[in-house]
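J.: Got a sequence here, can you model it:
(one chain, ligands or ions: 1)
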Amino acid sequence: MKILILNGPNLNMLGQREPEIYGTQTLGDIETLCRETASIHHADIDFRQSNHEGELVTWIQEALGHVDGIIINAGAYTHTSVALHDALKLHACPIIEVHLSDPETREEFRHLSYISPLAQEVIKGIGAAGYPQAIEIIVKTS
Ligand code: DQA
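T.: Numbering: from 1, shown residues only. Reported below is the predicted structural model:
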């Protein structure tokens, strides 16, 4: 089983970025957590981050036919990107949307998600723990 885990803009700054909202774990820590969970389930993960919308779109396209599930924290592109929505729509595999914070309890501009209509589940507001939870959902449903 192969799972693509995508992280959008500014998530490379976790640890330094608004720790009162996002916690103190770095993206490297989250990757380690994901690798530990994936290895328990004998799953293979491809963990990536980009600050560039087009690069994320390309990675989603390239994954077509090669992955059994996609976990995506699109960061701010969650609330703006029709391009990510369209790319994800190519996939028939389960898509899980993850957010460290709960965007719906924050500023109004974070309330709309272009990812949610395509997501089998949205995991939000539980910090880094949302990532291993998302892996477990994909493992159970695939
Ligand atoms: C985020 C929430 C988004 O609104 C924000 O732009 C992020 C991080 C989260 O994980 O809580 O970059 O996706």
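
J.: The ligand contacts on this structure?
T.: Residues of the chain found near the ligand (CB under 6 Å from any ligand atom) are 10, 73, 75-76, 78, 99-101, 103, 110. Any C-beta I mention is one placed from the backbone N, CA and C, and that applies to glycine too.

J.: give me that answer again for 8 Å
T.: Proximity of the chain to the ligand (CB under 8 Å from any ligand atom) is limited to residues 8-11, 21-22, 73-79, 98-103, 106, 110, 124-125.

J.: And I71, its phi and psi?
T.: The phi/psi pair for I71 (degrees, to the nearest 10) reads phi -110, psi 130.

J.: wait, P94 sits on I137?
T.: Yes: judged on CB atoms under 8 Å, P94 makes contact with I137 at a distance of 7.3 Å.

J.: Find the residues that touch each one of these two.
T.: Residues touching both P94 and I137 by CB atoms under 8 Å, 6 or more residues apart in numbering: Q120.

J.: higher neighbour count, those two?
T.: Neighbour tally, P94 and I137, criterion other CB atoms under 10 Å: the higher count belongs to P94, 20 against 17.

J.: so what's that one up against?
T.: Contacts of P94 by CB under 8 Å, 6+ apart are 68-70, 120, 137-138, 141-142.

J.: Of those, keep whichever come out buried.
T.: Buried members of those, scored by 16 or more other CB atoms under 10 Å, are 68-70, 137-138.

J.: now, which of these lie within strands?
T.: 69-70 (DSSP state E).

J.: Closest to the ligand out of the buried ones among the contacts of P94?
T.: I70 (15.2 Å; CB to the nearest ligand atom).
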